[in-house]
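Kindly return the folded structure for what I paste below:
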Amino acid sequence: MDEKIYQTMRRKTREVLIGTVGVGGDNPIRIQSMTTSDTRDVAATIDQIIRLADAGCEIARMTVQGKKEAEACEAIKSGLIQKGYTIPLVADIHFYPPAALLVAEFADKIRINPGNFVDKRASFKIIEYDDPTYAAEIKKIEEKFSPLVEKCKRLKRAIRIGTNHGSLSDRIMNRYGDTAAGMVESALEFTRVCRDHDFHDLIFSMKASNTLVMIEAYRLLVEKFNHLGWDYPLHLGVTEAGEGEDGRVKSAIGIGSLLLDGIGDTIRVSLTEDPWNEIDPCKRIAKIQPSPAPLPRRRSLRREGLVFTTISQEEIEAPDFFKKLGRVDGVLVDFEHPKLEKLIKAGIEVIRNPYIVTENNWEQILTDRPERIFFAPTNNYVQNGRRFFEWLYTHNIETPVILQFAYSCDEEDLVIQASADCGSLLCDGAGEGVCLEGPTSLSFAILQGARIRQSKTEFISCPGCGRTLFELQEVSARIRARTEHLAGVRIAIMGCIVNGPGEMADADFGYVGSRPGKIDLYVGKECVERNIEMDEADNRLIELIKNHGRWIDAPV
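Next up, the predicted model:
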């Protein structure tokens, strides 16, 4: 696509400089990540940032819990410059405004969380906020936040107002609920302070581990900005996405859906892996080009979340065919073979003549009235898909539709492109299943990432940072190995309590670092066991799952 056309399709924003790197405006989608080292360990943090920069990261973020971490940022910045690296640095602030004021001397951007920059950690209790009480809370934001705004304005630093679904304040949740609207209002409370001080070097994010909430929150924020005439750039990300294929699928669904809408100026893929592993999927997602079309109206059809796949005669004759096929709902074939009877006996539908429509033969549906449609456009999958589902809605057709998209790319790009295209439509209520060539695990991961069919355990795990209180990757792998057979169960594994309690709301069970060597266990938002020794915590989590009737024995 012509670059000029591409730029006109993206939401037009102002340029905000992070050091010498421009975000928004006519700049490309910027790629960023975050260190996992202790920020006070200057050498380790410099090494991580250099490795990130060498991989293609354009903006690097570090956690800054207190003054010692803030002071270390000066040495980190200086050490990078001495080694020839000018990558902009971002300080991540939670709970402690004095650290933000100090680190503004050295960092190029300050990320503040509006849920905890001024407020204490949410208690998740019902608290009555009458108008005077609410107004007093807002005044407190002005008093605590204004000094940072003025300092950033003077030093020409940028601020990211980064709302997290998992850490909204009690004030917001009691007035707006744990909702996308609450996330937007949480950011706007702080934005009004910035605008009162004529400060506009702002970037915004609306992150959640739930892709549906994340997409809704960003769209709602853009709608609000459009109404107000504001043009601030957006940082996109799915927080606590997990690891491996599942983490990449969830990230591509959430971030990719918005990039397809023309929304987004900088992205971060949050994986429970080494931070430099985030850069490759980031680069692949950043290639997604806008394909704007009006969102289709939702049909009243029950979402089935079906998985179909095409198989060849060569594939069916392979000795490991049944293992590779997995628990699909149906197969598309154009040949006869004895193994097909085994599939039918196993409850798998064998389809020899699927009803296929592309982007231009819809009218025949009115005559044929098929029982199921395989939608297989030749290009612009999301744009044509939105048009098609709107056409179905206007003609009152509630036939189940399977998204049958084909890709000619390597395996990594397949994960990103299929997740973005299928996930974007599925999250908007368009489609009852998918049919992709390639590993069926991807199809199941897409349906799970879009919150339609949970076919396996879902792990909500953070990427780790300098606040992390245990070896996150090691613990995540250990818990995953023992619980990955629990289809329908959501388990959150969080390195610290910054977002932990809030993200527990989207999980059935939570495993959260509370202090060095100690773990808290949650059921939903509620902490049910505190300060468990690390060497006991895994077994106690299993016991908790069993006590709540969610355990099944792993298949032999």
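
okay, CA-based contacts and neighbour counts for the rest of this
OK.

so where's the longest helix in the protein?
Criterion DSSP state H: the longest helix present in the chain is helix 131-155.

Quick check: the residue nearest the centre of the chain vs residue 454, distance?
For the chain, the residue nearest the mean C-alpha position is residue 238 (1.5 Å; CA atoms, centre = their mean). Noted for residue 238: a distance of 18 Å to residue 454, by CA to CA, to the nearest Å.

now do residue 462
Residue 462 is 20 Å from residue 454, by CA to CA.

picking that back up, wait, what's in contact with the residue nearest to the centre of the chain?
By CA atoms under 8 Å, 6 or more residues apart in numbering, the residues touching residue 238 are 207-211, 214, 250-251, 254-255, 269-270.

Out of these, the closest to residue 290 would be?
Checking those against residue 290 by CA to CA gives residue 255 as the nearest, at 11.8 Å.

A strand includes that closest one, no?
No. According to DSSP: H, G, I helix; E, B strand; the rest coil, residue 255 belongs to no strand; its state is helix.

For residue 224, give me phi and psi.
For residue 224, the backbone dihedrals (degrees, to the nearest 10) come out as phi -70, psi -40.

Just the helices from the stretch 151-300 of the chain, written as ranges.
Assigned by DSSP state H, counting those that start in this stretch, the helices in the stretch 151-300 of the chain fall at 170-176, 180-196, 211-228, 244-260, 279-286.

between those helices, which gets nearest to residue 364?
Closest among these, using CA to CA: helix 244-260, at 29.0 Å.

Give me the secondary structure label for residue 513.
strand.

Repeat that for residue 414.
Once three-state DSSP is applied, residue 414 turns out helix.

just checking, it touches residue 407?
Yes. Between residue 414 and residue 407 there is a contact at 6.7 Å, judged by CA atoms under 8 Å.

how far does stretch 168-183 stretch from start to finish?
7 Å.

And for stretch 201-210?
With CA to CA applied, stretch 201-210 spans 28 Å between its terminal residues.

how's the protein carved up into domains?
3-286, 306-449, 458-547 (automatic domain parsing).

What count of nearby residues applies to residue 507?
22 (other CA atoms under 10 Å).

Ok, residue 160 next?
23.

And the one 5 residues further on, by the same measure?
With neighbours defined by other CA under 10 Å, the count for residue 165 comes to 28.

wait, doesn't it sit right on residue 212?
No. The pair residue 165 / residue 212 is not scored as a contact, 11.5 Å apart, by CA under 8 Å.

Overlap in contacts, those two.
By CA under 8 Å, 6+ apart, no residue touches both residue 165 and residue 212.

for the stretch 201-350 of the chain, what are the low-confidence residue spans?
For the stretch 201-350 of the chain, no stretch has pLDDT under 70.

One more pass at 90, please.
Applying pLDDT under 90 to the stretch 201-350 of the chain picks out residues 240-242, 291-293, 299-304, 320, 323-327.

In contact with residue 293, which residues?
261, 383, 386-387.

Just the buried ones from these?
Neighbour-count burial (16 or more other CA atoms under 10 Å) applied to these gives 261, 383, 386-387.

Which of these fall in strands?
Within these, no residue falls in strands by DSSP state E.

Looking at these, spot the one nearest residue 66.
residue 261 (38.2 Å).

any idea how far that closest one is from residue 119?
33 Å.

again, but for residue 386
In terms of CA to CA, residue 386 sits 41 Å off from residue 119.

and what of residue 50?
Going from residue 50 to residue 119 by CA to CA gives 35 Å.

Please name the residues that touch residue 102.
Per CA under 8 Å, 6+ apart, neighbours of residue 102: 67, 70-71.

Among the residues you listed, which one sits closest to residue 154?
Nearest member of the contacts of residue 102 to residue 154, counting by CA to CA, is residue 70, at 18.6 Å.

Skipping its backbone neighbours, what lies nearest the closest one in space?
The shortest distance from residue 70 to any non-neighbouring residue, by CA to CA, 6 or more residues apart in numbering, is to residue 103 (4.7 Å).

Of the helices of the stretch 151-300 of the chain, which stretch is the most buried?
Neighbour counts (mean count of other CA atoms under 10 Å) averaged over each of the helices of the stretch 151-300 of the chain peak at helix 244-260, with a mean of 27.

name the helices or strands packed onto that one?
helix 211-228, helix 279-286, helix 411-427, helix 440-449 (3 or more CA pairs under 8 Å, 6 or more residues apart in numbering; DSSP states H and E).

so that helix versus helix 211-228, what angle?
20 degrees (axes from the mean of the first three to the mean of the last three CA atoms, to 10 degrees).

before we move on, the earlier item: pick the one among the contacts of residue 238 closest to residue 342.
Among the contacts of residue 238, residue 250 lies closest to residue 342 (CA to CA), at 33.7 Å.

ok, that closest one touching residue 214?
No. Shown here, residue 250 and residue 214 do not form a contact pair, counting by CA under 8 Å, at 10.8 Å.

residue at max distance from the center of this structure?
The chain, farthest from centre, CA atoms, centre = their mean: residue 338 at 43.4 Å.

Would you enumerate the residues in contact with it?
Residue 338 sits in contact with no residue, where contact means CA under 8 Å, 6+ apart.

repeat that with 10 Å
In this structure, residue 338 makes contact with 316-317, judged by CA atoms under 10 Å, 6 or more residues apart in numbering.

That one and residue 344: what is the separation?
11 Å.

worst-scoring helix or strand of the protein, pLDDT-wise?
Within the chain, no helix or strand scores below helix 3-9, which has a mean of 46 by mean pLDDT, DSSP states H and E.

After that helix, heading C-terminal, what element do we hit next?
Downstream of helix 3-9, the next assigned helix or strand under DSSP states H and E is strand 16-18.

Any stretches of the stretch 451-556 of the chain with poor pLDDT?
460-472, 487-488, 494-507, 514-515, 517, 524-527, 554-556.

Quick one: the strands in it, in order.
Assigned strands in the stretch 451-556 of the chain, in chain order: 458-461, 490-494, 509-515, 518-523, 526-533 (criterion: DSSP state E, counting those that start in this stretch).

Output the ones you listed in JSON lines, with distance to residue 430 and mean neighbour count appended to each entry.
As requested, the strands of the stretch 451-556 of the chain are arranged in JSON lines below (distance: least, CA to CA, whole Å; neighbours: other CA atoms under 10 Å):
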{"stretch": "strand 458-461", "distance to residue 430": "23", "mean neighbour count": "27"}
{"stretch": "strand 490-494", "distance to residue 430": "25", "mean neighbour count": "27"}
{"stretch": "strand 509-515", "distance to residue 430": "30", "mean neighbour count": "26"}
{"stretch": "strand 518-523", "distance to residue 430": "32", "mean neighbour count": "24"}
{"stretch": "strand 526-533", "distance to residue 430": "35", "mean neighbour count": "15"}
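
returning to that earlier point: can you work out which residues contact both of residue 414 and residue 407?
436-438.

which parts of stretch 437-446 are buried?
For stretch 437-446, by 16+ other CA under 10 Å, it's 437-438, 440-446.

And for stretch 355-375?
356-359, 365, 373-375.

min pLDDT across these, which one?
Lowest pLDDT within those is found at residue 359 (92).
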